[in-house]
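Asks: with the input below, show me the fold.
(one chain, ligands or ions: 2)
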Amino acid sequence: MADFETPELKDYPEIPHIQVGTMAHSKPFVAKEQFQEPLGFPGELVDNWQQVAYDKMEELTGKYRSLAVFLDSCVKCGACTDKCHYYLGTSDPKNMPVARQDLFRKVYRRKFTFAGKYFPKLVGAVDLTEEVLNDWYSYFHQCSQCRRCSVYCPYGIDTAEISMAAREVMDSIGVGQKYCNEIIAKVYKIGNNLGLPQPALADTLEGLEEDIEDDTGVTVRLPLDVKGADVLVITPSADFFAEPHVDGLMGYAKVFHEAGISWTLSSYASEAANFGMFIGSYENMRKVSLRIRQAALDLGVKRIIFGECGHAWRVAYSFLNTLAGPFDFLDPKYPVPQHIMEFTHDLIQRDALTLDKSANDDMVLTYHDSCNVARASRMGPRPGGQFTLPRDVIKASCNHFYDMPQDTIHEATYCCGGGGGLLTDDLMELRVKGALPRMEALKHVVENHGVTHMAAICAICKSQFAKVMPYYGFQMDSIVSVHQLVSNAIVLGNKQ
Ligand code: SF4
Ligand code: SF4
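Replies: Residues are numbered from 1 along each chain as shown. Ligands and ions are numbered 1, 2, ... in the order given. Sure, this is the predicted structure:
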């Protein structure tokens with residue numbers, strides 16, 4: 001365990017007293033040249049970095065009107081100050097959303113507003129000094145871009161967009177984050193975040209087929225690179241090996257098997273995650289997305305379905321068509337893209353799956369709404385489907401389900417603490433402390449309803465919870481995939 005104190009779980013959430021600078025030391029490793037250059041960024045801090053940063057800020061505020069509006073419209077009402085899980089978990093006032101925004105805003109004011117140019121002290125405007133850049137690097141890597149604060153802001157100011165812009169400015173001067181940029185470079189080179197080449201992927205899938213057969217006596221395929229399959233499944237590479245992700249992948253395979261619909265994974269686009277979003281780079285987000293289009297064309301599929309991954313679904317739902325479309329070569333009967341939850345939910349509605357809920361009777365479940373799914377996407381044909389569909393699928397697969405308190409779920413959900421490109425061990429203290437509000441909500445249903453497990457549909461949430469739950473006294477395997485519950489409950493060979 002790392003060298004910091006895990007916050008105490010209280011019965012009721014408490015807004016902490018501020019402790020100035022308590023997380024100033026928290027910084028992810030800086031990306032070296034070999035992780036910067038494949039993404040089109042300078043390998044190290046450029047000589048004229050201040051001017052390059054100002055130019056980038058001008059470009060971004062010109063290109064993204066929302067960014068300029070967010071920077072101009074904050075009235076310092078304070079409604080967002082206690083809404084960020086990182087403030088609640090760390091007490092550092094710079095983790096209040098408005099203070100985080102102000103790190104960017106005060107430089108923007110100095111360079112791009114009349115008052116900031118001529119009366120900087122009056123309006124809190126400052127130059128981008130080394131000290132300010134240092135604060136940017138620290139605190140814009142303490143924002144998981146979860147958008148919770150924007151729900152409570154009367155002006156809808158989205159700190160996530162400001163944090164993405166700040167990261168893009170830093171990348172443009174050669175100060176990128178190792179974790180995200182190394183991963184994006186791996187996707188370009190090999191096809192997935194893990195750097196898992198085609199033969200290793202094929203072996204892994206074969207192994208999973210054997211596991212399912214040993215367990216059920218039924219041959220269920222996990223096909224790879226099958227030309228002419230109906231459905232291309234794009235899933236986070238964590239689904240290929242990590243727990244509990246892999247149990248979810250086996251669940252998708254069983255659902256396709258029962259539905260009698262041909263499907264395939266792709267070794268070229270073997271990654272749903274798109275870390276281009278975390279670093280605020282539409283160009284890198286587009287390059288990652290184009291791999292999906294290419295795989296769909298090469299394999300000649302009719303539909304694209306995304307597996308359980310929060311930010312991947314945000315990118316897919318909000319940007320896939322504009323970044324990599326048009327997808328006019330796919331079957332127009334189906335939405336592009338679709339989520340695996342929509343697919344399974346539809347089969348359940350049509351009574352096309354037999355689910356034995358008692359198979360999950362060893363668990364009492366709750367559900368964690370992943371922030372990117374909850375606040376940056378929809379699912380299915382009706383508003384709010386991103387909340388109801390996963391819960392419907394869980395309730396169809398198990399007998400015991402209880403939601404966490406209302407102010408911690410749906411659009412008010414708390415981030416797991418590891419989203420937005422922060423799921424790296426060099427940020428372990430931040431991750432543990434940022435998980436506090438979710439852990440308190442979990443404690444509530446554990447104590448009041450005997451909840452034993454929490455389900456999620458995000459690869460990052462699952463990895464984050466498996467790691468941080470033990471810090472709070474929960475078992476690491478008390479986080480489960482939603483399709484893991486489906487996998488346990490599904491009765492194979494029952495439907496024609
Ligand atoms: S987007 Fe989320 S992590 Fe970032 S400041 Fe807002 S609440 Fe905090
Ligand atoms: S809630 Fe909105 S307007 Fe109020 S301080 Fe926060 S960002 Fe500014």
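Asks: contacting residues for the residue most central in space within the chain?
Replies: By CA atoms, centre = their mean, the chain has its centre lying nearest to residue 311, at 3.5 Å. Contacts for residue 311 (CB atoms under 8 Å, 6 or more residues apart in numbering) come out as 273-274, 277-278, 372, 419-420, 458, 460. Bear in mind the C-beta positions are built from the backbone N, C-alpha and C, glycine included.
Asks: and the strands in the stretch 201-350 of the chain?
Replies: Assigned by DSSP state E, counting those that start in this stretch, the strands in the stretch 201-350 of the chain fall at 231-234, 263-264, 303-306, 338-339.
Asks: for these, give me TSV that also has mean pLDDT and mean neighbour count.
Replies: Output for these, formatted as TSV (pLDDT from 0 to 100; neighbours: other CB atoms under 10 Å):
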stretch	mean pLDDT	mean neighbour count
strand 231-234	98	24
strand 263-264	98	22
strand 303-306	98	24
strand 338-339	98	24
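Asks: can stretch 140-155 be said to contact ligand 2?
Replies: Yes: judged by CB under 6 Å from any ligand atom, stretch 140-155 comes into contact with ligand 2 at 153, 155.
Asks: buried set for that stretch?
Replies: Neighbour-count burial for stretch 140-155 flags 140-151, 153 (criterion: 16 or more other CB atoms under 10 Å).
Asks: closest to residue 103 among the contacts of residue 311?
Replies: The nearest member of those to residue 103, counting by CB to CB, is residue 420 at 15.9 Å.
Asks: what is the burial count for the closest one?
Replies: When neighbours are counted by other CB atoms under 10 Å, residue 420 registers 27.
Asks: ramachandran coordinates for it?
Replies: Backbone torsions of residue 420, given as degrees, to the nearest 10, read phi 70, psi 20.
Asks: repeat for residue 401
Replies: Backbone torsions for residue 401, taken as degrees, to the nearest 10, come to phi -140, psi 130.
Asks: got it, and the one 10 residues further on?
Replies: Summarising the backbone geometry of residue 411 under the convention degrees, to the nearest 10, its torsions are phi -70, psi -10.
Asks: hang on, the earlier thing: export the buried residues of stretch 140-155 to a markdown table and append columns for pLDDT and secondary structure.
Replies: Output for the buried residues of stretch 140-155, formatted as a markdown table (pLDDT from 0 to 100; DSSP: H, G, I helix; E, B strand; the rest coil):
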| residue | pLDDT | secondary structure |
| --- | --- | --- |
| 140 | 98 | coil |
| 141 | 98 | coil |
| 142 | 98 | coil |
| 143 | 98 | coil |
| 144 | 98 | coil |
| 145 | 98 | coil |
| 146 | 98 | coil |
| 147 | 98 | coil |
| 148 | 98 | helix |
| 149 | 98 | helix |
| 150 | 98 | helix |
| 151 | 98 | helix |
| 153 | 98 | coil |
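Asks: if we only consider the contacts of residue 311, which is nearest to residue 181?
Replies: Closest to residue 181, out of all of the contacts of residue 311 and judged by CB to CB, is residue 278, at 9.8 Å.
Asks: which ones are touching the closest one?
Replies: Shown in contact with residue 278 (CB under 8 Å, 6+ apart): 145, 164, 167, 180, 311, 420-421.
Asks: name the nearest residue to it, sequence neighbours excluded.
Replies: Nearest non-adjacent residue to residue 278, counting by CB to CB, 6 or more residues apart in numbering: residue 421, 3.4 Å away.
Asks: if I look at the one you found, how far off is residue 76?
Replies: 28 Å (CB to CB, to the nearest Å).
Asks: cool, residue 295 as well?
Replies: 47 Å.
Asks: okay, those two: which has more neighbours?
Replies: residue 295 (22 against 8).
Asks: can you read off the pLDDT for the more buried one?
Replies: On pLDDT, residue 295 comes in at 98.
Asks: go on, the one 3 residues further on?
Replies: In this prediction, residue 298 carries a pLDDT score of 98.
Asks: contacting residues for it?
Replies: Counted by CB under 8 Å, 6+ apart, residue 298 has contacts 227, 266, 268.
Asks: most neighbours, which of those residues?
Replies: Neighbour-wise, the contacts of residue 298 (other CB under 10 Å) top out at residue 266, 25 neighbours.
Asks: how much space between the closest residue to it other than its chain neighbours and ligand 1?
Replies: Spatial nearest neighbour of residue 266, chain neighbours left out: residue 295 (3.9 Å); criterion: CB to CB, 6+ apart. As for residue 295, its distance to ligand 1 is 31 Å (criterion: CB to the nearest ligand atom, to the nearest Å).
Asks: format the contacts of residue 311 as JSON lines; extra columns: pLDDT.
Replies: Shown next, in JSON lines, are the contacts of residue 311 (pLDDT from 0 to 100):
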{"residue": "273", "pLDDT": "96"}
{"residue": "274", "pLDDT": "97"}
{"residue": "277", "pLDDT": "97"}
{"residue": "278", "pLDDT": "98"}
{"residue": "372", "pLDDT": "97"}
{"residue": "419", "pLDDT": "98"}
{"residue": "420", "pLDDT": "98"}
{"residue": "458", "pLDDT": "98"}
{"residue": "460", "pLDDT": "98"}
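Asks: between the residues you listed, which sits nearest residue 450?
Replies: residue 458 (24.7 Å).
Asks: neighbours around the closest one, how many?
Replies: 31.
Asks: hmm, residue 372 and it touching each other?
Replies: Yes: between residue 458 and residue 372 a contact is recorded at 7.1 Å, counting by CB atoms under 8 Å.
Asks: which residues do the two both contact?
Replies: Contacts common to residue 458 and residue 372, judged by CB under 8 Å, 6+ apart, are 310-311, 419.
Asks: nearest to residue 217, of the strands of the stretch 201-350 of the chain?
Replies: strand 263-264 (21.6 Å).
Asks: and that closest one, how far from the chain's centre?
Replies: 24 Å (CA atoms, centre = their mean, to the nearest Å).
Asks: just checking, what packs against it?
Replies: strand 231-234 (3 or more CB pairs under 8 Å, 6 or more residues apart in numbering; DSSP states H and E).
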